[in-house]
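> sequence plus the predicted model coming up.
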Amino acid sequence: MEDYSYLKVKGRIFDIQRYSIHDGIGIRTIVFLKGCALRCRWCCNPESQSFETETMVLAGRSRVYGREVTVGEVMQTVRRDMPYYSRSKGGLTLSGGESLLQPEFAAALLQAGKALGVNTAMESMGYAKYETIEKIMPYLDTYLMDIKHMDPMKHKEWCGKENTLMVENARRIAESGQVHLIIRVPVVPGFNDTKEELLAIARYADSLPGVDEIDILPYHNFAEDKYKGLGRDYPMGDAKRPSMEQMEGFRDMISQNTGLYCQIGG
Amino acid sequence: MRAFDSTPVAKTERITRLVADLFAKMPEIEAARAELITESFKETEGLPIVTRKAIAFRHILNGLPIVIRPGELIVGSTTLAPRGCQTYPEFSYEWLEAEFDTVEHRSSDPFYISEETKQRLRKVNPYWKGKTTSELARSYMAPETLRAMDHNFFTPGNYYYNGVGHVNVHYDRVIYEGLEGIMAQTAKELSNVKFCDPNYGDKRRFLEAVIISCQAVIDYAHRYADLAEKEAASQTDSKRKEELLKIAKTCRHVPEHPARTFEEGLQAFWFVQQTIQIESSGHSISPGRFDQYMYPLYEKDTDAGILTREYAQELIDCVWVKLNDLNKCRDAGSAEGFAGYSLFQNLIVGGQTKDGRDATNDLSFMCLDATKHVFLPQPSISIRVWNGSAKELLIRAAEVTRTGIGFPAYYNDEIIIPSMENRGIPIEDARNYAIIGCVEPHVPGKEDGWHDAAFFNMCRPLEMVFTNGIDNGEVASIQTGDISSITSYEEFKAAYKKQMDYNIALLVNADNAIDRAHAERCPLPFESCLIDDCISKGIPLQQGGAHYNFTGPQGFGIANVCDSLYTVKKLVFEDKRFTLSELAKAIEMNYGQGFDEITAKEAAMQVVKTLESRGENVTSDVVENVIRSVMTMELPAEEKKHYEDIRNAIIDLPKYGNDIDEVDSIAREVAYYYTKPLPDYKNPRGGIFQAGLYPVSANVPLGAQTGATADGRLAHMPVADGVSPTSGYDLHGPTASCNSVARLDHADASNGTLFNMKIHPTAMSTEKDLEDFISLVRGFFDQKGMHMQFNVVDRQTLLDAQAHPEKYAGLVVRVAGYSALFTTLSKSLQDDIIRRTEQGLYR
């Protein structure tokens, strides 16, 4: 008899978003896991950061973020969009927070996705021991990995932690050849929005075996209300969003100087 | 058929000019047709009606002023001014006279009318008193039916005041056999009518009328040939002179003879399309599978090297412009229900051939491109999707959708074909279906579907459950008992079903009365000869001549009724939060949100009736006072809060449109209350009724006649459109809405269902987005959804267009089964479109 015990694994999520088409191939359902190791100043999901359940007020209505669920419960929602995954080759994406902070839960969710026969993806910074990541990779098709900066100190200043572990994990994941690794870079004003800093990331990504794509994502301030809704100050103040021209300039520069396919958004 | 070439062809300068000229002025009402038909009818009194109709048609086509607009390649205009309209007093005329002074300034579809035209119409209209189809229809209706119409349970306004239309005729026969072929067949039938045939007289008169009518259309084409020659003679531009001479040659040849070239085929198509509308006044005369019946000529000419793809595209674009040159003025009420100057000329590409192969060809792409080129509301372009559809065609369709024009609408062969077979249509005919008007499947050249036969507001019978059949102080429906006597959810549903059954029967009564009136007063010989089997049976379309006959009235408000039933099930009977009587009171009091003028007047009428029943004399002053006191009435704070609490509890309940089985299964049941009883009823043409589930744009005006509902909707707000979830109640994105809608039994609504979805432009920007968009449509269709249409425009743009209409004259949005210019819609309909959920996509 097959073992379905993974369906009973419990974890904490704060949202499930359907018809996501900008995070991996095809039509996808994103499961947002709660809790993060970093505290990036520009984070657009501040409700994801704390592992604790919290209340956020948006547009006058307050809602509780964070609930305990089993993998089986999550999959009841995920499986409802099967016809769309089948048509689009899409599937399940884990996001957060940092999914790797709930490694058994993340692995069980991806295993369940594979059992459904759909494509699986995970957005993650790789903030965990490589052994943890290794246990997840058999169930993962696409790893969407953030590399925000190559300088450990600047990374620590803006994100709360140094980048050493994550950068090293990126190489080991790439070398394993087990997943399709795509590097994503948030372009954040005052943090990494210079040609030199972005090119450093792109060159590193280019050096990783099997990596052929890098996505650059412009900072936006849509989350400002969320910070207010959580009773927090918005750390980015009135920082300006990078213009389309600026982003296109970065894209062209990366395309010209590396062998990577570079796209804005993704 | 050869492999398709999907390469796009650029739009020409000519098309830009033709479109600009079309919209140079406000559309205008002209009097010529009304005068001509009246003259003719005065001269033919005493003759059989079908003969009179043919003679009048001939008289109109001989006398109507004609014009060739600058730069046109396809000619034939019903009015001198672009986008103008003629009037049709034989169906009804009183409404127009009543609106003479307001029609220019009304909110939906205004028309300019000159003082001279008013004078001319005033002169001829009185002839029609007592002779119109609407008057005869009314006399055939049961008193209970008239009462139900007065109380807005349904409105058959469309065919009550106008011609029927709603057909897809044999364009192919005119193109490939010529009218001479049809006349030859008619002459043969004529000589075959047996002396002893009990219907000898009727048959002969009808067949003779067909020949008169066909000849009239040929003569009309010759008038254009003459005019083109005359204009060519005085034309100094040698290129235009050549074009005019070619037009003359074409109009001399078609539609009388079979078309020899693609260009002649298009002109033949156009004369049919135009003259049917002159004859019938109906709308939704739908070109149908244009890419299929035009293809043989296109293939022949391109193979022979006498037609380039560039010129073929320009000609198709010209036809698209002509489809926007036709117009129709409806009464103010209907204009709101069909807002946007739309004639609903549905044209569909792709799908399958009769033998079940993919039908995609070059023209399928060129038709979609033509819509991009002219960027106008006509034709209502649609696409058939099946499991073997060419992916390139679907992507091209998505590119058109992305422009925000609201086209094409997507139809699912895999559910429509079986649903038609279930109504007795053989598979070859079902595979050949086209769409009429908004969303109605139809067998080309063989059917009189009476699609769009009435709007039935499914919320009104629900109101009657709460009021025990009382509306505005009087009995308006069957009485199902005082609301306090209902003790279970099952009993509540049974009462609703009784209310539905009763009013559906009255709807049938209304439609059949109107059907009979058209049969008696408006047999249309020209339209009839283009539909099988009118000629071989010797019977006009309006009297049952078609091979397939249906009547298809449409219900709407499923989402509101579903969510209301769930309120009753969950909050009243399961959770016992409040009683049915409390809920009834909260609804009556509009959830404590105060009364607008409509409600105040309704409430005042009840008070007045009570006073009168006590024998008191009620003056207009008293009525005024009552209305004023109702409107300014302030509820005690506690009572107001009680009603608001009830409404908040309702709003917090799960709703239809969120992929929740428990709720969606109620929606399925609610749809059955409407779709199941209808096929048991027959129409006078020998066919059955079949249900549609779509509202055109009537969910707004008919919502304005509906009190608060138990789903938390306030009085007079729009009801939900089609099978779509209530605006703002679907919170889990497009796939969740699709899954909910797919849970209805679309096959049972074989007259069509309509699912509106609004998509933000950011979800359709990249190539990947378009592929995912197509996967969304396909995923919905895999689950037996029937139809989908999209508005791709952001809220901000619509709000800005509302504030600055001058900047957005060309902004086309999807209304219901069709698209319209946003700025020409009434404020309330604009608001409704803005409210429809924008399916936001990213966090």
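In hand now; what should we look at?

> show me which residues of the stretch 701-843 of chain B are close to chain A?
Residues of the stretch 701-843 of chain B lying near chain A by Cβ under 8 Å from any Cβ of the partner chain: B:732-736, B:739, B:763, B:768-769, B:771-772, B:774-776, B:778-780, B:782-783, B:839, B:841-843. C-beta here means a position set from N, CA and C on the backbone, and glycine is covered the same way.

> and those, which of them are in helices?
The helices, defined by DSSP state H, take in B:733-736, B:739, B:768-769, B:771-772, B:774-776, B:778-780, B:782 from those.

> closest to residue B:666 out of those residues?
residue B:739 (14.9 Å; Cβ to Cβ).

> and the pLDDT for the closest residue in space to that closest one that isn't next to it in sequence?
Closest residue to residue B:739 apart from its sequence neighbours, by Cβ to Cβ, 6 or more residues apart in numbering or on different chains: residue B:659 at 4.3 Å. In this prediction, residue B:659 carries a pLDDT score of 96.

> what's in contact with stretch B:130-141?
B:89-93, B:146, B:160-161, B:509-510, B:512-514, B:516-518, B:520-522 (Cβ atoms under 8 Å, 6 or more residues apart in numbering or on different chains).

> quick check: residue A:202 touching residue A:255?
No. Counting by Cβ atoms under 8 Å, residue A:202 stays clear of residue A:255, with 9.2 Å between them.

> which one of the two is surrounded by more residues?
Using other Cβ atoms under 10 Å in any protein chain shown, the more surrounded residue of residue A:202 and residue A:255 is residue A:202, with 25 against 15.

> list of residues touching the helix or strand where that one lies?
Using DSSP states H and E, residue A:202 sits within helix A:195-207. For helix A:195-207, contacts defined as Cβ under 8 Å, 6+ apart pick out A:147-151, A:167, A:170, A:183, A:185, A:187, A:192, A:211, A:214, A:216, A:250, A:253-254, A:257-260, A:262.

> strands of the stretch 51-200 of chain A, start to end?
A:54-58, A:61-65, A:67-70, A:91-95, A:119-124, A:142-146, A:180-187 (DSSP state E, counting those that start in this stretch).

> which strands border the first one, and is each parallel or antiparallel?
Read it as strand A:54-58. Note on strand A:54-58: by DSSP bridges, its sheet partners are strand A:61-65 (antiparallel).

> list the buried residues for the partner strand?
residue A:65 (16 or more other Cβ atoms under 10 Å in any protein chain shown).

> what mean pLDDT does it get?
87.

> and it, C-alpha only, in CSV?
What follows is strand A:61-65, C-alpha atoms only, in CSV (Å, rounded to 0.1, in the frame of the first residue of the first chain):
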residue,chain,number,x,y,z
ARG,A,61,-11.3,45.2,7.4
SER,A,62,-9.1,43.3,9.7
ARG,A,63,-8.0,39.8,8.9
VAL,A,64,-6.0,37.2,10.8
TYR,A,65,-2.9,36.0,8.9
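
> tell me how far it lies from the chain's centre.
23 Å (Cα atoms, centre = their mean, to the nearest Å).

> residues contacting it, please?
Applying Cβ under 8 Å, 6+ apart, the contact partners of strand A:61-65 are A:14-15, A:34, A:47, A:53-57.

> 6 Å instead?
For strand A:61-65, contacts defined as Cβ atoms under 6 Å, 6 or more residues apart in numbering or on different chains pick out A:14, A:47, A:54-56.

> okay but residue A:120 is in contact with residue A:111, surely?
No. The criterion here is Cβ atoms under 6 Å, and residue A:120 misses it with residue A:111 at 8.9 Å.

> quick check: mean pLDDT of the strand ranked longest in chain B?
Counting by DSSP state E, the longest strand found in chain B is strand B:548-556. The predicted model gives strand B:548-556 an average pLDDT of 96.

> who does that strand touch, helix- and strand-wise?
Helices and strands touching strand B:548-556, as assessed by 3 or more Cβ pairs under 6 Å, 6 or more residues apart in numbering or on different chains; DSSP states H and E, comprise strand B:451-457.

> and the next helix or strand along the chain from the strand it packs on, C-alpha only, in PDB?
Note on strand B:451-457: by DSSP H and E, the next helix or strand toward the C-terminus is helix B:459-467. This file holds the C-alpha atoms of helix B:459-467, laid out as PDB (Å, rounded to 0.1, in the frame of the first residue of the first chain):
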ATOM      1  CA  CYS B 459     -35.300  37.500  -8.600                       C
ATOM      2  CA  ARG B 460     -39.000  38.600  -8.900                       C
ATOM      3  CA  PRO B 461     -40.600  35.200  -8.200                       C
ATOM      4  CA  LEU B 462     -38.300  35.100  -5.100                       C
ATOM      5  CA  GLU B 463     -39.600  38.400  -3.900                       C
ATOM      6  CA  MET B 464     -43.100  37.000  -4.300                       C
ATOM      7  CA  VAL B 465     -42.200  34.200  -1.900                       C
ATOM      8  CA  PHE B 466     -41.500  36.800   0.800                       C
ATOM      9  CA  THR B 467     -44.600  38.900   0.100                       C
END
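
> next, work out how far apart residue A:82 and chain B are.
Distance, residue A:82 to chain B, using Cβ to the nearest Cβ, to the nearest Å: 8 Å.

> quick one, grab the pLDDT at that residue.
pLDDT at residue A:82 comes out at 97.

> around residue 69, how many other residues sit close by?
The chain I'm using is chain A. Residue A:69: 19 neighbours (other Cβ under 10 Å).

> actually it's chain B I care about, not the one you picked
15.

> filter the contacts of helix A:195-207 to the buried ones?
Buried among the contacts of helix A:195-207 by 16+ other Cβ under 10 Å: A:147-150, A:167, A:170, A:183, A:185, A:187, A:192, A:211, A:214, A:216, A:250, A:254, A:258, A:260, A:262.

> ok so, going back, what helix or strand is the residue nearest to residue B:739 located in?
Residue B:659 is part of no helix or strand, with elements assigned from DSSP H and E.

> cool, the one 10 residues further on as well?
Element membership of residue B:669 [criterion: DSSP H and E] is helix B:661-675.

> so the nearest residue to residue B:11 once chain neighbours are set aside: helix, strand or coil?
Of all residues not flanking residue B:11 in the chain, residue B:373 sits nearest, at 4.0 Å (Cβ to Cβ, 6+ apart). When classified by DSSP: H, G, I helix; E, B strand; the rest coil, residue B:373 comes out as helix.

> pretty sure residue B:373 contacts residue B:315?
No. With contact defined as Cβ under 6 Å, residue B:373 does not reach residue B:315; the gap is 11.8 Å.

> same for the helix or strand residue A:29 falls within, what does it pack against?
Assessed by DSSP H and E, residue A:29 sits inside strand A:28-33. Using 3+ Cβ pairs under 6 Å, 6+ apart, the elements in contact with strand A:28-33 are strand A:10-20, strand A:91-95.

> direction included, what does the shortest one pair up with?
Strands that pair with strand A:91-95, judged by DSSP bridges, come out as strand A:28-33 (parallel), strand A:119-124 (parallel).

> who's in contact with it?
A:23-24, A:28-32, A:78, A:85, A:106, A:113, A:118-123.

> nearest residue to residue B:379 other than its sequence neighbours?
residue B:347 (3.9 Å).

> my read is that neighbour is in a strand, agree?
Yes. Counting by three-state DSSP, residue B:347 is located in a strand.

> does it touch residue B:287 like I think?
Yes. In this structure residue B:347 lies within contact range of residue B:287 using Cβ under 6 Å: 4.4 Å.

> related to what we said a few turns ago, output the helix holding residue A:202 as CSV, nothing but the C-alphas.
Only the C-alpha atoms of helix A:195-207 are listed here, as CSV (Å, rounded to 0.1, in the frame of the first residue of the first chain):
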residue,chain,number,x,y,z
LYS,A,195,25.1,48.5,-12.8
GLU,A,196,28.1,47.2,-10.9
GLU,A,197,26.0,45.6,-8.1
LEU,A,198,23.5,44.0,-10.5
LEU,A,199,26.2,42.8,-12.8
ALA,A,200,28.1,41.2,-9.9
ILE,A,201,24.9,39.1,-9.2
ALA,A,202,24.4,38.3,-12.8
ARG,A,203,28.0,37.2,-13.3
TYR,A,204,27.7,34.9,-10.3
ALA,A,205,24.5,33.5,-11.6
ASP,A,206,26.1,33.0,-15.0
SER,A,207,28.9,31.0,-13.4
